[in-house]
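S.K.: dropping the sequence and predicted coords here.
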Amino acid sequence: MLDTPTPDRGLYLERAVWTPGALARFAGWAVGLAVVLSLVGGWLATSRIPAGDAAVLDAVDTLRTSGSVTAARLLTFLADLSVVATLTGLLGIVLFWRFRRWDVIWLTLAAVGGALFVTGVVKVVTDRARPDGALADTVSSSFPSGHAVRGVVVYGLIAWCLRRLARSWWRHLGVAVALLLAVATGWSRVWLAVHWPSDVLFGYVLGAVWLVITLAVTRPRLVGRVTSPIDEPAP
């Protein structure tokens, strides 16, 4: 677990999410990512199916078993919107309990919420058709994979928190498991034939890039004694 609260350690965001500078940076990056990914997704939607996409799905079709489908559905569930929303809320609560700062809650919301927003925009713009023979229900277009985006963002953020904030011996195991889930939840969508591999690949890219953007914009730092939940760190 994360360490219990202490008066002389804190997580401080050099730029809070709600400041004009942070909001402007988030907006600029969101527009840039949406434009680039919409161009890529639009090309994929209107061109022939890439040979790599077709080959991977054909290979998966020959390897798929009932047991592997069950495992894939479980992994898919771990990146469902309801699960990701729950994990985001729990992570925000844990961080607030640990550091007594409201801005760390907004850090989690900016990471997950921003990625979901960009994903939704790109899906609407590109409207790429899904593969035939899906083994799970779908509610939107194919590009990019929302499960891949959500998995990378939420489990990647959990891995970052464990790596930076936990000092217990098992944090390395926790980081490894979180990163494995970040990849496996996206790949499960290919296994269930609800996404082309390129959907998942660019979902990974979007999720990872947005997580890096969130951390780069807010610049979280471990500091010494903090005077209040929203104040600057004391000298």
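M.R.: Sure, I can see it.
S.K.: okay, CA-based contacts and neighbour counts for the rest of this
M.R.: Noted.
S.K.: what pLDDT, on average, does stretch 133-149 get?
M.R.: For stretch 133-149, the mean pLDDT works out to 89.
S.K.: what residues sit buried inside that stretch?
M.R.: 141-149 (16 or more other C-alpha atoms under 10 Å).
S.K.: and the strands in the protein?
M.R.: For the chain, applying DSSP state E gives strands covering 10-13, 220-223.
S.K.: which of these sits most buried?
M.R.: Most buried of the strands of the chain by mean neighbour count (mean count of other C-alpha atoms under 10 Å) is strand 10-13; its value is a mean of 23.
S.K.: tell me what that one is packed against?
M.R.: Contacts defined by 3 or more C-alpha pairs under 8 Å, 6 or more residues apart in numbering; DSSP states H and E place strand 10-13 against helix 103-126, strand 220-223.
S.K.: adding mean pLDDT and distance to residue 16, write these out as JSON lines.
M.R.: Below are these laid out as JSON lines (pLDDT from 0 to 100; distance: least, C-alpha to C-alpha, whole Å):
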{"stretch": "helix 103-126", "mean pLDDT": "92", "distance to residue 16": "6"}
{"stretch": "strand 220-223", "mean pLDDT": "74", "distance to residue 16": "9"}
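S.K.: of the ones you listed, which approaches residue 132 most closely?
M.R.: Closest to residue 132 of these, according to C-alpha to C-alpha: helix 103-126, at 18.0 Å.
S.K.: mind giving me the packing neighbours of the closest one?
M.R.: Using 3+ C-alpha pairs under 8 Å, 6+ apart, helix 103-126 is in contact with strand 10-13, helix 20-46, helix 81-99, helix 146-165, helix 197-218.
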